[in-house]
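**Student:** Sequence and predicted model, in that order:
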Amino acid sequence: MGVSPASPEEVDADALARQRALLLLQQAPLAIVEYRRDLTIEGWNAAAERLLGYPREEALGRRVDELLPASGEPEAWRRLLEEDSPHLRTWTHLRKDGAEVCFEWSAARVVDERGEVRGVGAFGQDVTARSAQTRRYREKEQILRTITETLPIVVWATDRDGIFTFHEGKALEQAGLEQGQHIGKNVLELYGQDAGLDVMRRALAGEPGYSSTSTHGVSWENWQIPIRDERGEVGSVVGLTLDVSDTKRREQELRAKLELIERQQQVIRDLSTPIIQVWDGVLTLPMIGILDSSRTAEVMDTLLEAVVRTSARYAILDLTGVEMVDTKTASYLLDLVRAIRLLGAEGIVTGIRSNVAQTIVSLGIDLNSITTLSNLRAALQHCIRQMSKERAAEQARRGQVG
C-alpha cells in the first residue's frame with residue numbers, strides 16, 4: 001500500500017509553520033546559536049546579536065569556539081556534540097566590545113534522518129548580573145565564616161519575636177554550646193533572668209543596644225542591632241556577642257597588681273619615714289637618704305597628722321641619715337617646724353651633717369629660730385628637761401593658788 005502524497009494545502013501549512021518557528025527563534029529573548037560538527041556557526045538569532053555584540057552576518061560561518069571561547073574550557077563547545085545532557089553550563093565569554101559576560105547555556109544535539117549528529121543548537125541566557133551578585137554573596141559568606149571561625153565571637157539573629165534564626169561563632173565552644181544550637185528557640189525564654197535582656201527587648205522594639213553580661217561561665221559584650229523591613233517595622237535583630245573573659249581576667253590581674261604595688265609603696269613610705277613615739281609627748285622622725293621636695297611634703301602631712309593624733313609636745317626631725325638637701329627641701333623643713341609650732345608643739349632638728357650644714361649656710365637659710373642639736377640623745381634630754389621645768393612650774397603655780 002502506498003502513501004498518499006501531501007496536498008498542496010498541507011505543504012503550504014508545513015512551510016508556514018516552519019517560517020513561524022524560525023521567526024519565533026529569531027525573536028526569542030535567549031541567544032540561540034546553531035553550529036555544525038566542524039563547529040561552524042550556521043544559526044545566530046537577534047538576541048545573540050544584542051547580547052554578544054556580533055552581527056549575524058559576521059557570526060555565520062565562523063567557528064563557535066573562536067568567536068565565543070569558553071574561559072578555561074577550550075573544548076567546551078566540541079563536547080556538546082558528544083553529550084546529550086539537560087544540565088546547564090555556565091561559561092564566561094567576551095563580547096565584541098571586549099566586555100566580559102557570563103552565560104548559562106542549555107544545548108540540544110541536532111540529528112539528521114539517519115540519526116547521526118549533524119550539529120548542536122545552544123540556548124544562552126545572560127546571567128552576568130546574577131553571577132556577580134552570587135559572587136558577592138559568596139564573598140560576604142566567606143567573610144562572615146572567617147570571622148565566626150577565627151574570632152572569639154558569636155554572630156546571631158532573631159526574628160521579630162525573638163526566635164533565633166542564626167547562631168554561629170567560635171566563642172560557642174568556650175561556652176560549651178554547639179553551632180546553631182539555639183536556632184528555633186526564643187532568646188527571651190532562654191535568658192529570662194539575664195541582666196542584659198531589657199536591652200534585647202528594646203532592640204526588638206527598634207532601639208540599638210549594648211550590654212555586658214556573664215552566662216555559661218563566660219563574660220560577654222553584646223551589641224544588638226534591629227533590622228527594619230520595607231514598611232519600617234522591625235523584622236529581625238542581628239547580634240554580635242564577644243567573649244571578653246580573657247580581657248576581664250587580665251583587668252582583674254592588673255588591678256590586683258596595682259593594689260599590691262600601692263600597698264608596697266605605702267609600706268616603703270612608712271619605712272622610709274617612720275614616726276616613733278619615744279617618750280610620752282615626744283615624737284621622732286628618723287630620715288634616711290636623699291631628702292627631696294616631694295618626700296619632704298609627704299613627711300609634713302604625715303608628721304603633722306601624728307602630732308595632732310598623739311597630742312605631742314615635741315617633734316624631733318633626725319637628719320643623721322640624710323646625705324643631701326636642696327633649696328626647696330631646706331625651705332620645707334623650716335615650714336614644717338613652723339607648722340609644728342602652730343599646733344602647739346616644738347620642732348627640733350638633730351643630726352645635721354657637715355655637708356648638709358654647708359649647703360644650708362650657702363643657701364643663706366637662717367635657722368636661729370629653730371632648735372638644732374647634735375644628735376637624737378641630746379634632743380631627748382632637751383625634751384625631758386623642758387617637760388620637767390614645765391611640770392615644776394605647773395606645781396608651783398598650783399601651790400600659790402592653793
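**Tutor:** Cool, the structure landed.

**Student:** Please make it C-alpha for all contacts and neighbour counts, starting now.
**Tutor:** Noted.

**Student:** where along the stretch 1-150 of the chain do the strands fall?
**Tutor:** Here the stretch 1-150 of the chain has its strands, by DSSP state E, counting those that start in this stretch, at 31-36, 41-44, 89-94, 100-111, 117-126.

**Student:** name the helices or strands packed onto the helix or strand hosting T213?
**Tutor:** Under the criterion of DSSP states H and E, T213 resides in strand 209-215. When contacts are defined as 3 or more Cα pairs under 8 Å, 6 or more residues apart in numbering; DSSP states H and E, strand 209-215 packs onto helix 197-204, strand 218-228.

**Student:** As JSON lines, the ones you listed with mean pLDDT would be great.
**Tutor:** Formatted as JSON lines, these follow (pLDDT from 0 to 100):
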{"stretch": "helix 197-204", "mean pLDDT": "89"}
{"stretch": "strand 218-228", "mean pLDDT": "92"}
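
**Student:** Quick one: closest of these to R95.
**Tutor:** strand 218-228 (40.4 Å; Cα to Cα).

**Student:** just so I have it, where are all the helices in this protein?
**Tutor:** 8-27, 46-52, 56-59, 64-67, 76-82, 128-150, 171-174, 187-190, 197-204, 245-272, 293-310, 327-342, 354-362, 376-401 (DSSP state H).

**Student:** Out of the helices and strands packed on strand 209-215, which is closest to L285?
**Tutor:** When the helices and strands packed on strand 209-215 are compared (using Cα to Cα), the closest one is strand 218-228, at 49.8 Å.

**Student:** quick one, which of the strands of the stretch 1-150 of the chain is nearest to V299?
**Tutor:** Here strand 100-111 is closest among these (Cα to Cα), at 82.8 Å.

**Student:** Could you export that closest one as PDB, CA atoms only?
**Tutor:** Coordinates of each C-alpha in strand 100-111 appear next as PDB, following Å, rounded to 0.1, in the frame of the first residue of the first chain:
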ATOM      1  CA  GLU A 100      33.200  40.100  29.900                       C
ATOM      2  CA  VAL A 101      29.800  38.400  30.100                       C
ATOM      3  CA  CYS A 102      28.600  35.300  31.800                       C
ATOM      4  CA  PHE A 103      26.200  33.000  30.000                       C
ATOM      5  CA  GLU A 104      24.200  30.000  31.100                       C
ATOM      6  CA  TRP A 105      23.800  27.600  28.200                       C
ATOM      7  CA  SER A 106      21.500  24.700  27.600                       C
ATOM      8  CA  ALA A 107      22.100  22.500  24.500                       C
ATOM      9  CA  ALA A 108      20.300  20.000  22.200                       C
ATOM     10  CA  ARG A 109      22.000  17.900  19.600                       C
ATOM     11  CA  VAL A 110      20.600  18.100  16.000                       C
ATOM     12  CA  VAL A 111      20.400  14.800  14.200                       C
END
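
**Student:** quick revisit: columns distance to T284 on top of the helices of the chain, output as TSV?
**Tutor:** Output for the helices of the chain, formatted as TSV (distance: least, Cα to Cα, whole Å):
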stretch	distance to T284
helix 8-27	112
helix 46-52	102
helix 56-59	111
helix 64-67	105
helix 76-82	102
helix 128-150	64
helix 171-174	59
helix 187-190	67
helix 197-204	61
helix 245-272	13
helix 293-310	9
helix 327-342	13
helix 354-362	20
helix 376-401	8
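
**Student:** Go through the ones you listed and find the least confident stretch.
**Tutor:** Here those differ in mean pLDDT, and the lowest is helix 8-27 at a mean of 54.
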